[in-house]
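Novice: fold the following and give me the result.
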Amino acid sequence: MSNKIIQKARGMRDILPEEQKYFKYFSKAFEMAAEQSGFKKVYTPTVESAGLFERTVGKATDIIEKEMYVFNSKSDAKLALRPEGTASVARAYLENGMTSWPQPVKLYYQMPMFRYDRPQAGRYREHWQYGVEVFGDKSPLMDVTIIALALRAIKSAGLENVSLQINSIGCPSCRPQYRRTLVRFLKDNEKKLCADCKRRLKTNPLRVLDCKEKGCIAVTEDAPQMINSLCNSCHSHLKSILEYLDEIDILYEINPRLVRGLDYYIQTVFEIWSEKEGGSLALGGGGRYDGLTELLGGKKIAGIGFGLGADRIVAAMKEAGVETAEEFSVDAFVIQLGAEAKKKCFKLIYELQNAGVGAEGSLDEVSMSSQLKKANRLKVPYALIIGQKEAFSDTVILKDMHSGVQEIYPQSKIVNELKKRVERLKK
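Specialist: This next block holds a predicted model:
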């Protein structure tokens with residue numbers, strides 16, 4: 001048998017305690033921003049029917065062609081690890097009868113997604129996405145509300161140097177004509193395209209605009225722009241969005257290359273980027289998907305949402321030196337000296353935790369100094385000390401770790417006393 005330590009699978013990661021404080025900080029900022037805007041939290045299964053994504057995301061997208069984790073169940077059902085959140089939440093909206101709720105229905109989530117993508121900086125095969133979805137509101141004001149919420153959540157996490165890119169990719173009325181115009185242009189330059197884009201030319205030509213290969217970027221610099229081919233309805237929708245963004249002083253850049261390569265998008269698409277030395281990093285994006293519920297067998301219901309890459313946002317927070325407030329759930333460290341004291345301390349820790357006071361102890365230690373060092377490392381506000389004398393007199397020494405002041409309390413009263421002190425500290 002090999003003694004080699006088994007390592008995590010390629011593209012996966014461990015999120016250790018030092019990094020967890022950034023995730024916790026951003027998670028709280030995101031939750032507060034969403035709930036203050038009237039959103040309610042939802043979870044969907046990690047495992048879904050593969051057909052859910054094939055039908056909505058599009059068979060000619062990178063997610064379906066090469067990034068989705070697909071497997072067969074024991075009953076031979078074709079299943080997939082959830083690669084993105086919107087289709088799952090839309091399915092939950094329809095399946096759970098939310099169409100009968102007062103509209104719009106506003107939902108948010110914080111869930112891991114899985115994509116078999118090439119591992120690189122800030123991109124993992126299991127990654128955390130925080131997102132929102134709104135069903136039942138087709139107003140351009142909702143587009144602006146969603147964009148403003150995404151920016152507010154990111155900035156609440158301490159990231160100020162971010163930019164907004166926005167575009168319209170039209171609708172079923174105006175996009176087909178643009179698609180034909182774009183294909184004609186790309187075919188004239190097909191020899192200059194990368195292998196992926198030559199394939200996309202036949203299956204999903206709009207994705208060529210989003211290619212990051214230098215040759216393809218050079219070709220598409222002069223490509224016809226969707227924004228010049230919008231029908232009156234799409235043009236009016238985009239115009240209203242930009243006017244309201246101007247009204248609330250949100251800066252934006254119209255990016256005609258922005259297409260967000262999923263089939264369910266319509267009209268508005270947007271992305272938010274972190275601007276830093278040496279280049280930019282996409283933190284998230286979203287758009288409108290008014291036909292998504294219809295693809296899933298329901299009625300056509302307006303929809304819009306976004307997803308933010310929590311892993312990338314945390315990396316940007318660390319790089320920007322964002323200070324996360326140090327939070328400790330341990331309020332007291334219980335110190336024991338002697339066998340009888342150890343029993344009393346174990347009971348005291350149990351009683352404190354049951355009373356909602358965070359408590360910890362090192363009951364195997366015999367040295368008073370080593371236990372105090374642990375209390376200092378935890379930065380607890382209080383230490384509770386029970387030695388042989390205190391064990392027999394049913395008392396406890398309460399030590400304020402900041403002032404060093406020590407007081408003696410009966411063991412019967414120490415839990416309530418400490419609870420009151422901790423509550424005052426946290427106000």
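Novice: so which elements touch the helix or strand that contains residue 360?
Specialist: Using DSSP states H and E, the element containing residue 360 is strand 359-361. In this structure, strand 359-361 packs against strand 332-336, helix 339-354, with contacts taken as 3 or more CB pairs under 8 Å, 6 or more residues apart in numbering; DSSP states H and E. Using the backbone N, CA and C atoms, a C-beta is placed for each residue, glycine as well.
Novice: of all those, which lies closest to residue 375?
Specialist: Closest approach to residue 375 among the helices and strands packed on strand 359-361 is made by strand 332-336 (3.6 Å; CB to CB).
Novice: centre of the chain to that closest one, how far?
Specialist: Put simply, strand 332-336 sits 37 Å off its chain's centre (CA atoms, centre = their mean, to the nearest Å).
Novice: next one: stretch 72-92
Specialist: How far stretch 72-92 lies from its chain's middle: 19 Å, per CA atoms, centre = their mean.
Novice: coming back round to it: touching the strand holding residue 360 from outside, list them.
Specialist: With contact meaning CB atoms under 8 Å, 6 or more residues apart in numbering, strand 359-361 is reached by 330-336, 345-346, 348-349, 352-353, 371, 378, 380.
Novice: now, which of those sits nearest residue 427?
Specialist: The closest of the contacts of strand 359-361 to residue 427 turns out to be residue 331 (CB to CB; 13.7 Å).
Novice: that closest one and residue 415: what is the separation?
Specialist: Per CB to CB, to the nearest Å, residue 331 is found 12 Å from residue 415.
Novice: now the common contact residues for those two.
Specialist: 352, 357.
Novice: which one's more surrounded, those two?
Specialist: Each of residue 331 and residue 415 has its neighbours counted (other CB atoms under 10 Å); residue 331 has more, 22 against 19.
Novice: separation between the more buried one and residue 383?
Specialist: For residue 331, the distance to residue 383 (CB to CB) stands at 11 Å.
Novice: just to revisit the earlier point, quick one: least confident of the contacts of strand 359-361?
Specialist: Lowest-confidence member of the contacts of strand 359-361: residue 378, scoring 87 (pLDDT).
Novice: close enough to count as contact, that residue and residue 329?
Specialist: No - between residue 378 and residue 329 there is no contact under CB atoms under 8 Å: 10.0 Å.
Novice: listing partners with orientation, what would you give for the strand holding residue 360?
Specialist: Looking at strand 359-361 with DSSP bridges, its partner strands are strand 332-336 (parallel).
Novice: which parts of the strand it pairs with are buried?
Specialist: Within strand 332-336, the residues that count as buried by 16 or more other CB atoms under 10 Å are 332, 333, 334, 335, 336.
Novice: now do stretch 41-52
Specialist: For stretch 41-52, burial by neighbour count (16+ other CB under 10 Å) applies to 42, 44, 48, 50, 52.
Novice: show me those residues that map onto strands.
Specialist: residue 48 (DSSP state E).
Novice: spatially, which two of the buried residues of stretch 41-52 are the most separated?
Specialist: Taking every pair in these and measuring CB to CB, the maximum separation is 21.1 Å, between 42 and 50.
Novice: quick one, strands of the stretch 1-150 of the chain?
Specialist: When assigned using DSSP state E, counting those that start in this stretch, the strands of the stretch 1-150 of the chain occupy the ranges 40-41, 47-49, 70-72, 78-81, 105-114, 126-135.
Novice: return the most buried member of these.
Specialist: Most buried of the strands of the stretch 1-150 of the chain by mean neighbour count (mean count of other CB atoms under 10 Å) is strand 126-135; its value is a mean of 24.
Novice: ok, back up a step: can you redo the helices and strands packed on strand 359-361 as TSV with distance to residue 237?
Specialist: Below are these laid out as TSV (distance: least, CB to CB, whole Å):
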stretch	distance to residue 237
strand 332-336	58
helix 339-354	55
